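**Q** Just to be clear, the model below is a prediction. Sequence and coordinates:
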Amino acid sequence: MARYTGPKTKIARKFGEAIFGDDRSFEKRNYPPGQHGLAKRRSKRSEYAMQLQEKQKAKYTYGILERQFRNLFEKASRSKGITGEILLQLCESRLDNVVYRMGISPSRRGARQLVSHRHITVNGEIVNIPSYTLKAGDVVAVREKSKSLTAIVSSVSNNSSIYEWLNWNTDTMQGTFISVPERIQIPENINEQFIVELYSK
């Protein structure tokens, strides 16, 4: 199962945003990596460079590699509606992302691991595929045997995020994927139009 396992802070510094969540190392050095990181970079970037950066930012943010991301784009382009928005909605509908949004894990990487290790159920059935696409009304829960895991209990107790398109019950450790989020409800700072332009060339 392919996934990015390289340095997170270096990538976050490349984009100038803490795309992997809270990161003390990024806060200390929030400038580009490399020996010229603090030096003034070329102010004007090409259109292609900006488009490529947005695509890479989206891939790293959601923990998706190139082939899978391109497949998502092709699925979005075949759907009715605005391709860029649908692409982000597909990313947000992934099981690992929803587990992260519900606060079951403090990071998408951790959420992916919980799903892979069979700690998460969807509609009462164990699902161990992080890329599983949820539909409106699906119930996501922590498996009964996993509810006492320290990592899950700690994450849930420290979570304060609330999303209109998700419902979460801390007592029962289960939530509902109410609906696919609208673009305005997705907090990620991604210019999806650049991604569409890049893939459309």
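**A** That came in fine, so what should we check first?
**Q** Tell me how many other residues surround Ser155.
**A** Using other C-beta atoms under 10 Å, Ser155 has 21 other residues around it. (Each C-beta comes from the backbone N, C-alpha and C, glycine too.)
**Q** separation between the most centrally placed residue in the chain and Gly124?
**A** Centroid check for the chain by C-alpha atoms, centre = their mean gives Tyr62 as the closest residue, at 3.1 Å. With distances taken as C-beta to C-beta, to the nearest Å, Tyr62 is found 26 Å from Gly124.
**Q** Over to Arg183?
**A** Separation of Arg183 from Gly124 (C-beta to C-beta): 31 Å.
**Q** which one of these two has more residues nearby?
**A** The neighbour comparison of Arg183 against Gly124 (other C-beta under 10 Å) goes to Arg183, with 13 against 8.
**Q** Spatially, and excluding backbone neighbours, which residue is closest to that one.
**A** Distances taken as C-beta to C-beta, 6 or more residues apart in numbering place Glu85 nearest to Arg183, at 4.6 Å, with adjacent residues excluded.
**Q** and the one you found, what element?
**A** Using DSSP states H and E, the element containing Glu85 is helix 83-92.
**Q** what's the next secondary structure element after that helix?
**A** helix 95-101.
**Q** C-terminal to that following helix, what's the next element?
**A** With elements assigned by DSSP H and E, the helix or strand that comes after helix 95-101 is helix 108-116.
**Q** Run me through the strand neighbours of the very next helix or strand once past that following helix, direction for each.
**A** Sequence-wise, the next helix or strand downstream of helix 108-116 (DSSP H and E) is strand 120-122. Sheet pairing for strand 120-122, assigned by DSSP bridges, gives strand 125-126 (antiparallel), strand 138-142 (antiparallel).
**Q** can I get those strands in CSV with mean neighbour count and mean pLDDT?
**A** Listed next are the strands paired with strand 120-122 as CSV, based on neighbours: other C-beta atoms under 10 Å; pLDDT from 0 to 100:
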stretch, mean neighbour count, mean pLDDT
strand 125-126, 8, 97
strand 138-142, 20, 98
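**Q** For Ala111, find the nearest of those strands.
**A** strand 138-142 (10.6 Å; C-beta to C-beta).
**Q** Just want the angle from the closest one to helix 108-116.
**A** 90 degrees (axes from the mean of the first three to the mean of the last three C-alpha atoms, to 10 degrees).
**Q** what's the next secondary structure element after the helix or strand bottoming out on mean pLDDT in the chain?
**A** The helix or strand of the chain with the poorest confidence is helix 24-28; it has a mean of 52 (mean pLDDT, DSSP states H and E). Per DSSP H and E, the first helix or strand lying C-terminal to helix 24-28 is helix 47-62.
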